[in-house]
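J.: Sequence plus predicted model, see below.
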Amino acid sequence: MYLATNLKFLRKKSGKTQDALSSAVNIGRTTIANYEAGISEPNLDTLIIFSKFFGVSLDDMLSKNIEDILKSTEKDVMLQAAFPKSSAIPIPGGYSNIPRIITVDNSGNDNIVYVPVKARAGYLSGYGDVEFMETLPTFRLPGLNNATYRMFEVDGPSMAPNVLHGDRIIGEWIDQLDKIRDNRVYVVVHTGGVAVKRVVNRLKERGKIYLKSDTIAHRHEFPTLEIDPEDIKEVWYGRMKISSDFSEPAEVYHRLADLEMDVMEMKRSFSKDK
């Protein structure tokens, strides 16, 4: 874990002494000194304070050597210019093992962030932006613990009849792309948009994943999409569907129900004859 070295590096790059940082974030100077020396570690709430102050995701602060990355990508000059405004650090890299931004409740538990249809365009560019993510609604549900979840509103008929327009899909974060299982429903955030699709994983064989629609009636409108792994930003495994749809059952259901009633009546008649 790189927290101690990153915290010291970020503080110096922002031009602050330990005393100045202490005043800015309302954390004791001795406590900050202990964090930088690796003597103690901050809790999640304190980590979030540092993350927001320096404009760096929790993942970057904990798992990456920010100084080395910036030097190797020749971003050091940009960093020096950006820090007085507390801008985000442009950290390069591929798919992350945790979301770039998470939100927590007062007890330090992950909230479920809700992404409605009207926020999708902003989410595609703002999923790693603290200020944007703070504008989205958050909530918690019993039974969804020990993982990071996000809820997305479904737009369009591409997954009908299994997932309908206006339904909400609660997805669990997938930390590695090779964990994607075939023919399961996922929310895939990629360079082309936010897609609720059934996924086929062919990363080992072809270096691709494929996004399929369930619809038959609108099949020609929603062809299978081929996605390169470098274009994937987030993947959420569909764990729960919230729907307000109470459509009337299909005709076959009515026929089965009538048949069931007929069988019951026949059994009753046989019982009387005996």
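T.: That came in fine, so what should we check first?

J.: Run a quick neighbour tally on residue 172.
T.: 19 (other Cβ atoms under 10 Å). All C-beta spots, glycine's among them, are computed from the backbone N, C-alpha and C.

J.: Am I right that residue 47 is in contact with residue 61?
T.: Yes - taking Cβ atoms under 8 Å as the definition, residue 47 is a contact partner of residue 61 at 6.9 Å.

J.: Overlap in contacts, these two.
T.: Common neighbours of residue 47 and residue 61, using Cβ atoms under 8 Å, 6 or more residues apart in numbering, are residue 3.

J.: How about the backbone phi and psi for residue 102?
T.: phi -130, psi 160 (degrees, to the nearest 10).

J.: where does it sit relative to residue 136, distance-wise?
T.: 12 Å (Cβ to Cβ, to the nearest Å).

J.: Kindly report the same for residue 35.
T.: Distance, residue 35 to residue 136, by Cβ to Cβ: 29 Å.

J.: Please apply the same query to residue 215.
T.: 28 Å.

J.: can you pull the contacts of residue 192?
T.: Going by Cβ under 8 Å, 6+ apart, the list of residues near residue 192 reads 225, 227, 231.

J.: Nearest to residue 246, out of these: which one, please.
T.: Nearest to residue 246, judged by Cβ to Cβ, of the contacts of residue 192 is residue 225 at 30.9 Å.

J.: What is the neighbour count of that closest one?
T.: When neighbours are counted by other Cβ under 10 Å, residue 225 registers 18.

J.: The nearest residue to it once chain neighbours are set aside is in what secondary structure piece?
T.: The spatially closest residue to residue 225, leaving aside those adjacent along the chain, is residue 211, at 4.2 Å (Cβ to Cβ, 6 or more residues apart in numbering). Element membership for residue 211 (DSSP states H and E) is strand 208-212.

J.: what's the average pLDDT for stretch 143-153?
T.: Averaging pLDDT along stretch 143-153 gives 90.

J.: Over to stretch 260-272?
T.: Across stretch 260-272, the average pLDDT comes to 79.

J.: can you check stretch 161-174 too?
T.: Stretch 161-174 comes out at a mean pLDDT of 95.

J.: measure that stretch end to end?
T.: Taking Cα to Cα, to the nearest Å, stretch 161-174 runs 25 Å from one end to the other.

J.: Equivalent analysis for stretch 173-180, please.
T.: By Cα to Cα, one end of stretch 173-180 lies 11 Å from the other end.

J.: What is the distance between that stretch and the centre of its chain?
T.: 11 Å (Cα atoms, centre = their mean, to the nearest Å).

J.: residues making contact with that stretch?
T.: By Cβ under 8 Å, 6+ apart, the surrounding residues in contact with stretch 173-180 are 95, 97-99, 147-150, 186, 199, 201, 203-204, 209, 229, 232, 234-237.
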